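Participant: only geometry, no sequence info:
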């Protein structure tokens, strides 16, 4: 029997650690948190110092019992959850729930899952840091207060089912305000001028005019001057040539946010995907802890990295660097994300795991390499008859340094972030050299609107503002999308023409070309609901939506973690101002429902037409409750917005339902319901895919959807019984199940669904019914106990 019980959060982590410890240690997983605030209750005793009321979720009860049994047998219990605040809270909950004693309980932490790190942690145990626990508890309590008190206000004022959160709402505000900037932006045309020159000693190169021209007339006038200059011996002359050395310095090793950003740019991964992959790499012992805002590397790591560079790249490439963390409120782990063993250049695993590991390995190695040394040449070229100058730039890599291994990407296409092979070079140029202009082009361009956020750039902005911490970035990004406040937009762009004016061989020609602009993929766009909720919260709860307030709260949590502040005092100060504002806004009588916009009156009926957020999302309403007839409703189509919808577009939505004709002797109609557009045929409904327009769909397309739906439904039915027509064995997304009397019953593991008899199916249904009744009684007993405890 093992004398030592080690408890970690995940089975994968447990499996890796078990390899490093002998038979005297048994490693078990808690499968994350074993208790939390009650899901459906407020669960905070405001009158008793904001004491949180915790419960053990039903699905964790069996695991808690197993852990209790093993803890009772062990001489020593080692709590080995992660080293951040959440990990410390998990350790504390385990200590409390399992009824552990301080005499035989040890808290150990490590930032990498390797044998030396685990054995060293066991040699240096410590007590649970209650300051870290309090900081996590403060975050949990504050977020519960904001969510539970603010969300019902949104239900009453906007639509049921909405939610608000202290950090998620601020993240939505960033996306919403960027969208407003984009809609307010007016693109202005201008002309960018470039020239292709031939040097006096041979060699061609390009140069850009040092200013933009405002319009067609200015561009034509400029090219007329260039035409005259081309006929002169000194029409284009080099006035100055400067050559100066330039150094590029490697980026620091990865933190959580920089890993998320670079993985998005280089690998196309979402924030959630990156963290899931990094978690696997960490639990397999391949990288250090992946939730960190530190750029520090340990002395041991610096030594192994230095050895790797000297032996495999060259001693000249080595430059040991000590980075310091500058991010606001840095507090999580104590080292950057790096490979645990730098001599492991590659790993076994999935394709994505290999790519992410390779990215981490290269960034870590590059961070300890010498600067790249470049030589930058800038030539200024005068134009006879004009004050402007052409400027030509070129760069030559003299020593590649860290660029031999890695270069950091950027969100834009700046040449400052170009790879070495993409750099431009210039031929030999000297001051007063006369140049031959092979061609001069003036191309019409347009000022660009602000960029929408990507997941990665939103994380960077949150970090800049001091909002959130490494462990919260991924949940924030996921939550605002899961709640449908923000979506990833796909815009194929629009076609536009632009003018090209060219001077070549002494002739000026004009022509038109076309381009697709505004192509966007995976950018974050606020939904109508997201915009309405944001506007409401900014207007009525400005303090909660203030960026500085959210960042200040994070700083206060940091002070709690250091033991400088009592956690519930901070909560009390916040609640004293926040709670009255909830009561005040809840009692407000608004002239119009939040988000409602009057578009005008229907020309035929004279009824008012308005667009608003309804129970199931954005919709158009014709008529009002005051009229004799009930108002009519129509859902918005894909691509339509309540902010931009016109009266004509709104009225057209009431053309539904559309009769398309007959199929198999029954009418086929198109309609729009609470859950979106549908095809109705023979009393059955088939959803219309998002990419199809309900106003344009044809009878043939509708019939195809009906047939495809039938085929899909047929594949679901595994077995039917003539004696019991209402009982069917179905094949679902999560495995086979039984349908009986509109109830879905899961088939137990080990049972072959297709060979089940009617009697066996009835027994499974009966067992499920008895189990449900028992669970209901158990929940009722637990609820009664909670109410008694509260009293």
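Facilitator: Okay, I see it. All of these numbers come straight from a predicted model, not from anything done at the bench.
Participant: What about residue 121, how many residues nearby?
Facilitator: 20 (other C-beta atoms under 10 Å). Yep, even glycine has a C-beta here, placed from its N, CA and C like the rest.
Participant: swap in residue 5?
Facilitator: Quick note: residue 5 (other C-beta under 10 Å) scores 24 neighbours.
Participant: From the chain's centroid, how far away is the strand or helix carrying it?
Facilitator: Per DSSP states H and E, residue 5 falls inside strand 4-8. Mean-position distance between strand 4-8 and its chain equals 34 Å (C-alpha atoms, centre = their mean, to the nearest Å).
Participant: now swap in stretch 38-50 and tell me
Facilitator: With C-alpha atoms, centre = their mean, you get 30 Å for stretch 38-50.
Participant: Stretch 601-619 too?
Facilitator: So, by C-alpha atoms, centre = their mean, the centroid of stretch 601-619 is 34 Å from its chain's centroid.
Participant: Need the contact partners of it.
Facilitator: Applying C-beta atoms under 8 Å, 6 or more residues apart in numbering, the contact partners of stretch 601-619 are 158-160, 528-529, 532, 593-600, 620-624, 627, 631, 633-636, 640-642, 645, 647, 650-651, 674-675.
Participant: quick one: contacts for residue 124?
Facilitator: Contacts of residue 124 (C-beta under 8 Å, 6+ apart): residue 108.
Participant: Need the pLDDT of residue 242.
Facilitator: In this model, residue 242 is scored at 96, pLDDT.
Participant: can you tell me which of the contacts of stretch 601-619 are in helices?
Facilitator: Within the contacts of stretch 601-619, residues falling in helices by DSSP state H are 528-529, 532, 647, 650-651.
Participant: And the contacts of stretch 601-619, which of them are buried?
Facilitator: 158-159, 528-529, 532, 594-596, 599, 620-623, 633-636, 640-642, 645, 647, 650-651 (16 or more other C-beta atoms under 10 Å).
Participant: Which ones among the residues you listed lie within strands?
Facilitator: Counted as lying in strands by DSSP state E, out of these, are 599, 620-622, 633-635.
Participant: ok, so of the residues you listed, who is nearest residue 113?
Facilitator: Set against residue 113, the nearest of these by C-beta to C-beta is residue 635 (50.5 Å).
Participant: Is it correct that the closest one is in contact with residue 678?
Facilitator: No - in terms of C-beta atoms under 8 Å, residue 635 does not count as a neighbour of residue 678; the distance is 10.6 Å.
Participant: Quickly list what's touching both of those two.
Facilitator: With C-beta under 8 Å, 6+ apart as the test, residue 635 and residue 678 both reach residue 672.
Participant: can you pull the contacts of residue 223?
Facilitator: 440, 442, 501, 503, 508.
Participant: which among those end up buried?
Facilitator: Here, 16+ other C-beta under 10 Å leaves 440, 442, 501, 503 buried among those.
Participant: Given the stretch of helix or strand the last one belongs to, what are its sheet partners and their directions?
Facilitator: Secondary structure assignment for residue 503, by DSSP H and E: strand 494-504. In the sheet containing strand 494-504, the strands it pairs with under DSSP bridges are strand 436-446 (antiparallel), strand 507-517 (antiparallel).
Participant: before we move on, back to that, turn the ones in helices among the contacts of stretch 601-619 into JSON lines, columns for pLDDT.
Facilitator: Listed next are the ones in helices among the contacts of stretch 601-619 as JSON lines, based on pLDDT from 0 to 100:
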{"residue": "528", "pLDDT": "92"}
{"residue": "529", "pLDDT": "92"}
{"residue": "532", "pLDDT": "93"}
{"residue": "647", "pLDDT": "94"}
{"residue": "650", "pLDDT": "90"}
{"residue": "651", "pLDDT": "90"}
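Participant: Spatially, which two of these are the most separated?
Facilitator: 529 and 651 (23.0 Å).
Participant: Would you check that residue 209 makes contact with residue 218?
Facilitator: No - applying C-beta under 8 Å as the test, residue 209 and residue 218 come out as separate, 11.3 Å apart.
Participant: More neighbours: which of these two?
Facilitator: More neighbours surround residue 209 than the other of residue 209 and residue 218, with 22 against 15 (other C-beta under 10 Å).
Participant: for the residue nearest to that one when sequence neighbours are not counted, helix, strand, or coil?
Facilitator: Nearest residue to residue 209, sequence neighbours excluded (C-beta to C-beta, 6 or more residues apart in numbering): residue 193, at 3.8 Å. Classification of residue 193 using DSSP: H, G, I helix; E, B strand; the rest coil returns strand.
Participant: Would you confirm that residue 193 contacts residue 442?
Facilitator: Yes - proximity of residue 193 to residue 442 meets the contact threshold set by C-beta under 8 Å, at 4.8 Å.
Participant: Could you name every residue contacting both of the two?
Facilitator: 213, 219, 222.
Participant: Just those: which are in helices?
Facilitator: Counting by DSSP H, the shared contacts of residue 193 and residue 442 contribute 219, 222 to helices.
Participant: Please pick the buried ones from the shared contacts of residue 193 and residue 442.
Facilitator: Among the shared contacts of residue 193 and residue 442, the ones that count as buried by 16+ other C-beta under 10 Å are 213, 219, 222.
Participant: Name the nearest residue to the first one, ignoring sequence neighbours.
Facilitator: Think residue 213. residue 191 (4.2 Å).
Participant: lowest average confidence, helix or strand, in the chain?
Facilitator: Across the helices and strands of the chain, mean confidence by mean pLDDT, DSSP states H and E is lowest for helix 758-790: a mean of 71.
Participant: circling back: can you tell me the number of residues neighbouring the residue nearest to residue 213?
Facilitator: Around residue 191 there are 24 residues (other C-beta under 10 Å).
Participant: beta partners of it?
Facilitator: residue 213, residue 444.
Participant: is it true that it touches residue 209?
Facilitator: No - at 9.2 Å, residue 191 and residue 209 do not qualify as touching, with contact defined as C-beta under 8 Å.
Participant: how about the helices in the stretch 151-300 of the chain?
Facilitator: Counting by DSSP state H, counting those that start in this stretch, the stretch 151-300 of the chain has helices at residues 168-184, 216-230, 256-267, 271-283, 299-312.
Participant: what does the first one contact?
Facilitator: When you say that, I think you mean helix 168-184. Contacts for helix 168-184 (C-beta under 8 Å, 6+ apart): 449-450, 452-453, 458, 461-462, 467, 476-477, 479-480, 483, 485-486, 524-526, 530-531, 533-535, 537-538, 544-545, 547, 550, 643.
Participant: Which of the residues you listed fall in strands?
Facilitator: Under the assignment DSSP E, the contacts of helix 168-184 contribute 486, 524-526 to strands.
Participant: Where does the prediction get shaky in the protein?
Facilitator: The model of the chain has pLDDT under 70 over residues 1-2, 326-333, 410-422, 591, 627, 674-675, 773-791.
Participant: May I see the ones in helices among the contacts of stretch 601-619 organised as CSV, with distance to residue 15 added?
Facilitator: Compiled in CSV, these are given as follows (distance: C-beta to C-beta, whole Å):
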residue, distance to residue 15
528, 46
529, 43
532, 47
647, 63
650, 58
651, 63
